[in-house]
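[1] show me how the following folds:
(one chain, ligands or ions: 1)
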Amino acid sequence: MQQHETVIVLDFGGQYNQLIARRVRENNVYCEIYSYKTDPAVIRAKNPKGIIFTGGPNSVYLEDSPSCDPEIFTWGVPILGICYGSQLMMHLLGGKVTRAPEREYGKTEVFVDTSSKLFEGVSPSTICWMSHNDYIEQAAPGFKITAHTANCPVAAMEDTNRGLYAVQFHPEVLHTAEGKKMLHNFVYNVCGCAGDWKMDSFVESNVKALREQIGDGKVLCALSGGVDSSVLAAMLAKAVGKQLTCVFVDHGLLRKNEKEEVCAVFGPGNPNFDINFICVDARARYFSKLAGVTEPERKRKIIGEEFIRVFEEEAKKIGHVDFLAQGTIYPDVVESGLGGESTVIKSHHNVGGLPDHVDFKALVEPLRNLFKDEVRQAGRELGLPEYIVSRQPFPGPGLAIRIIGEVTPEKVAIVQDADAIWREEIAKAGLAGEISQYYAALTNMHSVGVMGDERTYDYAVALRAVTTTDFMTAESYNVPWDVLGTVTSRIVNEVKHVNRVFYDCTGKPPATIEME
Ligand code: GLN
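    Now for the predicted structure:
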């Protein structure tokens with residue numbers, strides 16, 4: 001792959017490490033995250049245009065706190081320290097960091113020196129996000145103070161001769177009103193980047209790289225219809241066409257029309273992608289495996305295992321393949337502990353893990369360096385329709401975990417219809433872009449109602465809509481009452497066996513985003 005200008009985020013355990021990298025990339029500059037423990041030679045070999053030190057939970061003046069070799073300050077590579085990163089820079093270069101008399105947390109007014117390259121175009125008084133207990137009592141020799149707050153005498157500092165910049169606040173979070181501008185200023189004004197990271201060139205160079213890697217080999221790809229696997233399939237299709245076989249498993253737990261949508265894009269007769277496409281109708285075997293099962297973990301397990309089994313059977317029919325494609329994306333890489341410093345949050349696998357018995361030579365993971373929004377952008381470049389690239393996250397076990405209790409074809413049909421109405425009305429109300437995830441679920445509850453003067457005893461549907469930035473925590477979205485009213489009356493009128501609709505007001509924690 002062609003070498004891009006690169007900015008490195010050196011991770012000291014901050015919560016926002018991925019956010020920093022995303023913000024840099026939004027400025028068309030490629031950015032990668034490395035743990036502070038990484039051998040400096042590795043970082044240097046990347047030939048970075050700039051380095052950003054992240055925040056972190058520790059205190060620099062304590063023994064055993066994360067640190068780095070001060071050599072890094074002599075490389076002539078511009079460095080921006082953020083929060084812990086700024087404190088570390090001061091600590092290592094002869095400044096003084098101590099416990100602050102009062103911690104500073106939340107949106108804070110910061111007075112900045114707009115003659116600094118970092119603050120070009122920023123208002124002299126600007127709102128920034130603070131989150132610290134320690135403070136810089138004294139900047140290191142050679143540094144000029146370029147910002148302060150009411151409580152914090154050194155909120156930003158710089159030594160322009162050495163290209164070293166530091167800010168106590170967090171420019172990467174949206175609560176810092178002009179943070180985007182500051183990061184833009186850092187990568188362009190300070191690091192001198194030209195901005196060569198663009199999705200169209202990424203797609204083009206990656207397609208070329210895939211062709212070289214794959215040669216005339218055969219590739220197998222499990223297509224779920226989600227964003228990542230669809231973009232993966234599209235990219236491979238573009239690169240190697242008929243050498244690619246996509247297996248799509250219809251387990252009967254998909255959203256309404258989802259199978260048709262996937263088949264229209266990738267299936268036989270589609271206008272865009274000339275590949276081998278296999279759609280396995282596994283509905284009956286899934287439903288028989290799930291009959292009588294009510295325990296959520298058990299349901300998930302059965303579905304995951306069955307997926308592998310179906311996939312293996314199909315793979316066996318195809319025979320030997322050279323490559324297995326995986327839709328791993330950059331957050332998966334970072335979260336499985338390979339990229340940054342954040343502890344292992346989850347070990348990543350697509351739909352229940354890698355099949356054991358598929359005979360292949362190597363993995364291809366062309367999306368490994370992309371954030372989710374970049375994956376979507378790449379999908380658009382590849383000509384995928386908007387209803388695929390802007391799809392919400394959908395769990396591997398599908399609607400099975402949105403049906404409390406036993407899963408049956410009848411219950412799936414109810415959820416599919418209710419969910420389709422909910423999605424349609426959210427889109428109509430113009431709310432789709434504001435809500436991170438929304439769906440309808442089937443509670444396992446029957447209750448009494450009255451319809452057409454007749455007593456009914458039917459199901460209750462639950463509606464859910466949440467906003468979140470990272471899916472680790474979430475808040476219930478405040479859907480306007482009239483939208484809820486419209487959806488409720490449409491669901492009870494149009495979906496048979498539903499006589500009641502609930503709205504889920506719970507956040508995560510204490511609830512989860514999905515029901516099971
Ligand atoms: N732990 C340091 C402090 O309390 C840095 C905090 C941070 O990076 N957010 O000041």
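[2] please make it C-alpha for all contacts and neighbour counts, starting now.
    Will do.
[3] quick one, helices of the chain?
    Ranges of helices within the chain are 17-26, 40-45, 84-92, 179-185, 199-214, 227-240, 258-266, 283-290, 296-318, 330-335, 372-381, 386-389, 409-428, 481-494, based on DSSP state H.
[4] give the partner strands of the strand ranked longest in the chain in its sheet and their orientations.
    Longest strand in the chain by number of residues (criterion: DSSP state E): strand 96-112. Here strand 96-112 has these sheet partners by DSSP bridges: strand 125-138 (antiparallel), strand 144-148 (antiparallel).
[5] how big is the angle separating it from helix 84-92?
    130 degrees (axes from the mean of the first three to the mean of the last three CA atoms, to 10 degrees).
[6] now strand 96-112, how far from the chain's geometric center?
    Taking CA atoms, centre = their mean, to the nearest Å, one finds the center of strand 96-112 at 30 Å from the center of the full chain.
[7] stretch 143-153 too?
    The answer for stretch 143-153 is 34 Å, by CA atoms, centre = their mean.
[8] could you do stretch 52-69 as well?
    26 Å.
[9] that one close to the ligand?
    Yes - using CA under 6 Å from any ligand atom, stretch 52-69 reaches the ligand at Gly55, Gly56, Pro57, Asn58, Ser59.
[10] drop anything exposed from the residues you listed.
    Among the residues of stretch 52-69 next to the ligand, those classed as buried by 16 or more other CA atoms under 10 Å are Gly55, Gly56, Asn58, Ser59.
[11] shouldn't the third one be in contact with Ser65?
    Yes - checked against CA atoms under 8 Å, the pair Asn58 and Ser65 is within contact range at 6.0 Å.
[12] show the end-to-end separation of stretch 134-150, please.
    For stretch 134-150, the separation between the terminal residues is 15 Å (CA to CA, to the nearest Å).
[13] just the buried residues of that stretch, please?
    Neighbour-count burial for stretch 134-150, counted by 16+ other CA under 10 Å, picks out 134-140, 143-149.
[14] which residues does it contact?
    With CA atoms under 8 Å, 6 or more residues apart in numbering as the test, stretch 134-150 has contacts from 59, 87, 90-91, 93-100, 103, 108-113, 116, 152-159, 168.
[15] export the worst-scoring helix or strand of the chain on mean pLDDT as PDB, just CAs?
    Using mean pLDDT, DSSP states H and E, the weakest-scoring helix or strand in the chain turns out to be helix 330-335, at a mean of 79. Taking C-alpha atoms only, helix 330-335 is exported to PDB below (Å, rounded to 0.1, in the frame of the first residue of the first chain):
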ATOM      1  CA  TYR A 330      -9.700  -0.800  13.600                       C
ATOM      2  CA  PRO A 331     -11.600  -0.500  16.800                       C
ATOM      3  CA  ASP A 332     -11.600  -4.300  17.000                       C
ATOM      4  CA  VAL A 333      -7.800  -4.200  16.600                       C
ATOM      5  CA  VAL A 334      -7.400  -1.600  19.300                       C
ATOM      6  CA  GLU A 335      -9.900  -3.200  21.700                       C
END
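[16] Ile20: how many residues sit nearby?
    Here the number of neighbours of Ile20 (other CA atoms under 10 Å) works out to 24.
[17] how about the residues of this protein that lie near the ligand?
    So the chain meets the ligand at Gly55, Gly56, Pro57, Asn58, Ser59, Cys83, Tyr84, Ser131, His132, Asn133, Asp134, Tyr135 (CA under 6 Å from any ligand atom).
[18] circling back to that earlier point, and the residues of stretch 52-69 next to the ligand as CSV, adding pLDDT?
    Compiled in CSV, the residues of stretch 52-69 next to the ligand are given as follows (pLDDT from 0 to 100):
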residue, pLDDT
Gly55, 95
Gly56, 93
Pro57, 92
Asn58, 94
Ser59, 96
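[19] show me where pLDDT drops low in the stretch 101-250 of the chain?
    In the prediction, the stretch 101-250 of the chain carries no residues with pLDDT under 70.
[20] sorry, back to before: of the contacts of stretch 134-150, buried ones?
    Buried among the contacts of stretch 134-150 (16+ other CA under 10 Å): 59, 87, 90-91, 93, 95-98, 108-113, 116, 152-158, 168.
[21] the residue most distant from the middle of the protein, which is it?
    Centroid-distance maximum for the chain: Asp453 at 49.3 Å, with CA atoms, centre = their mean.
[22] C-alpha coordinates for the longest strand of the chain, CSV please?
    Extracted in CSV, the C-alpha atoms of strand 96-112 (Å, rounded to 0.1, in the frame of the first residue of the first chain):
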residue,chain,number,x,y,z
LYS,A,96,6.3,20.9,37.9
VAL,A,97,3.2,18.8,38.2
THR,A,98,1.3,18.4,41.5
ARG,A,99,-2.1,17.6,42.9
ALA,A,100,-4.4,20.5,42.2
PRO,A,101,-6.1,22.2,45.2
GLU,A,102,-9.3,21.7,43.4
ARG,A,103,-10.0,19.3,40.6
GLU,A,104,-11.3,20.7,37.3
TYR,A,105,-14.0,18.7,35.5
GLY,A,106,-16.4,19.5,32.7
LYS,A,107,-16.9,22.4,30.4
THR,A,108,-14.6,25.2,31.3
GLU,A,109,-13.9,28.6,29.9
VAL,A,110,-10.4,28.8,28.7
PHE,A,111,-8.5,32.0,27.7
VAL,A,112,-6.2,31.3,24.8
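[23] who's in contact with it?
    Residues contacting strand 96-112 (CA under 8 Å, 6+ apart): 60-61, 87, 90-91, 119, 123-140, 146-151, 155-156, 175-176.
[24] swap the cut-off to 6 Å and go again
    124-138, 146-149 (CA atoms under 6 Å, 6 or more residues apart in numbering).
[25] and Thr38, how far from the ligand?
    Distance of Thr38 to the ligand, given as CA to the nearest ligand atom, to the nearest Å: 19 Å.
[26] next, count neighbours for that residue.
    15.
[27] torsion angles phi and psi at it?
    phi -60, psi 140 (degrees, to the nearest 10).
[28] dump the residue contacts of the residue nearest the centre of the chain.
    Residue closest to the average C-alpha location in the chain (CA atoms, centre = their mean): Lys372, at 4.7 Å. Counting by CA under 6 Å, 6+ apart, Lys372 touches no other residue.
[29] how near is it to the ligand?
    From Lys372 to the ligand the distance is 25 Å (CA to the nearest ligand atom).
[30] same question for Lys289.
    From Lys289 to the ligand the distance is 49 Å (CA to the nearest ligand atom).
[31] and that residue, what pLDDT?
    You'll see Lys289 listed with a pLDDT of 97.
[32] same thing with Gly340?
    So, for Gly340, pLDDT stands at 56.
[33] the one 3 residues further on too?
    Taken from the predicted model, the pLDDT recorded for Thr343 is 44.
[34] now do His349
    38.
[35] and what of the one 10 residues further on?
    The pLDDT attached to Asp359 in the predicted structure is 70.
[36] count the neighbours of it for me.
    16.
[37] follow-up on the earlier one: quick check, nearest of the buried residues of stretch 134-150 to Arg298?
    In terms of CA to CA, no member of the buried residues of stretch 134-150 lies closer to Arg298 than Asp134, at 47.1 Å.
[38] list the beta-bridge partners for that closest one.
    Assigned bridge partners for Asp134, using DSSP bridges, are Arg99.
[39] distance of it relative to Lys144?
    Distance, Asp134 to Lys144, by CA to CA: 20 Å.
[40] JSON lines please, covering the helices of the chain and showing distance to Met472.
    Formatted as JSON lines, the helices of the chain follow (distance: least, CA to CA, whole Å):
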{"stretch": "helix 17-26", "distance to Met472": "14"}
{"stretch": "helix 40-45", "distance to Met472": "30"}
{"stretch": "helix 84-92", "distance to Met472": "23"}
{"stretch": "helix 179-185", "distance to Met472": "23"}
{"stretch": "helix 199-214", "distance to Met472": "27"}
{"stretch": "helix 227-240", "distance to Met472": "19"}
{"stretch": "helix 258-266", "distance to Met472": "26"}
{"stretch": "helix 283-290", "distance to Met472": "29"}
{"stretch": "helix 296-318", "distance to Met472": "19"}
{"stretch": "helix 330-335", "distance to Met472": "12"}
{"stretch": "helix 372-381", "distance to Met472": "15"}
{"stretch": "helix 386-389", "distance to Met472": "22"}
{"stretch": "helix 409-428", "distance to Met472": "23"}
{"stretch": "helix 481-494", "distance to Met472": "26"}
